[in-house]
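Student: sequence plus the predicted model coming up.
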Amino acid sequence: MRYRVSELATTAGVTVDTVRFYQGQGLLPSPEREGRIVWYNDGHAARLDRIRRLSTAGFTLRQIGELIERDPDPLLAALADHEAGTTTVTLADLATDTEVPAEVLTLGVEGGLLRAERVHGTLRFDETQVEMVRTVARLLASGVDAEGLIRLATRHADATEEVVAEAVELYRAAVLDDPGADRTTVASEIEQLVPAVTELVAAHFSQTLVQRAAAVLAAVDEPAAGVVAREALR
C-alpha cells in the first residue's frame, strides 16, 4: 500500500513533523518520488511503528538507529526484546472496557503507575498496560478502595524503582565495567534473567500476600489465634 506523508503519519499515530524528523535522522528511508509527489509504503509504516515502540521503551535515537539499521550490540538487542507492546487503546476506550474511571487512570499515569504514549495529544496504552488496568478493575470490583489502592501502588512503584536502580548498578559494576566481559554471553544471560527475576519477584510477593491475608483471616475468625499470628508477623 502507498501513503502520502499525511496518511503515513495518521497510520503510524505520529505527526507529519515526526515523520520528517525521523527521515532527517536517517531512521526512515527516503520515500519514492513521482514528479512532485512522494510516496511511502508499508515498509515505512512498519519502521515507524518499530521506532515508536523503541522510543516509548526508553531507547535513544542513536540506539534505535543501531537496532534497526545494522547488527546491534548483543546487549542492546537483548534489552530491545523486552520493549513495550503495540499501542492499542485510548484512555476513554480503556475506561469503558475496564469500567475503571478515567480520572483513576489519569492519576495512574501521573503517578507513574501506568505507562502511556501521547499521540496527537491523546494518551494511548499498550497491551501490557491494558492487562494491568484489568487487574485493577478486578481488585476494585472486590471492594478495594480506589484511593488506597493508588497509594499502595505508588509506594510499590517507588520501591521497585529504587531496587531496580540498585540492581542495575550492581550489574554494571560487576559486568558492564569489565573490559574482558563477553557481551554476547551477557546478552544471553539477560534473556534468561529478565523473565526469571520477574517470576521470582512475583512469586515472592504472592507468597507473602497469601501469608499476610491468612493471618488477617485468622484474626477475624479465630481471635485467640489471630493474636498469636499478629505477634509472629511483627
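Tutor: Thanks, I have the structure now. Numbers count the residues shown, from 1 in each chain.
Student: only C-alpha atoms from now on, for both contacts and neighbour counts.
Tutor: Fine.
Student: where's the longest helix along the chain relative to the chain centroid, distance-wise?
Tutor: Counting residues, the longest helix found in the chain (DSSP state H) is helix 183-221. Distance, stretch centre to chain centre, for helix 183-221: 18 Å (CA atoms, centre = their mean, to the nearest Å).
Student: which parts of it are buried?
Tutor: Neighbour counts over helix 183-221 (16 or more other CA atoms under 10 Å) mark 183, 186-187, 191, 215-216, 218-219 as buried.
Student: mind giving me the packing neighbours of that helix?
Tutor: Judged by 3 or more CA pairs under 8 Å, 6 or more residues apart in numbering; DSSP states H and E, helix 183-221 is in contact with helix 74-80, helix 223-233.
Student: what mean pLDDT does it have?
Tutor: Across helix 183-221, the average pLDDT comes to 78.
Student: and Leu152, what does it touch?
Tutor: With CA atoms under 8 Å, 6 or more residues apart in numbering as the criterion, no residue contacts Leu152.
Student: pLDDT on the strand or helix carrying it, on average?
Tutor: Per DSSP states H and E, Leu152 falls inside helix 146-171. Here helix 146-171 scores 81 as its mean pLDDT.
Student: tell me which of the buried residues of helix 183-221 is nearest to Gly108?
Tutor: Nearest to Gly108 among the buried residues of helix 183-221: Val216, at 28.0 Å, using CA to CA.
Student: any idea how far Ala202 is from the closest one?
Tutor: Separation of Val216 from Ala202 (CA to CA, to the nearest Å): 21 Å.
Student: follow-up on the earlier one: hey, least reliable of the helices and strands packed on helix 183-221 by pLDDT?
Tutor: helix 223-233 has the lowest average pLDDT among the helices and strands packed on helix 183-221, namely a mean of 53.
Student: per-domain residue ranges of the chain.
Tutor: Following automatic domain parsing, one finds the domains of the chain at 2-72, 84-181, 182-234.
Student: how far is the last one from where the chain is centred?
Tutor: The gap between the average C-alpha position of domain 182-234 and the chain average comes to 22 Å, counting by CA atoms, centre = their mean.
Student: tell me the contacts of the closest residue in space to Leu48 that isn't next to it in sequence?
Tutor: Nearest non-adjacent residue to Leu48, counting by CA to CA, 6 or more residues apart in numbering: Ala12, 6.4 Å away. Counting by CA under 8 Å, 6+ apart, Ala12 makes contact with 45, 48-49.
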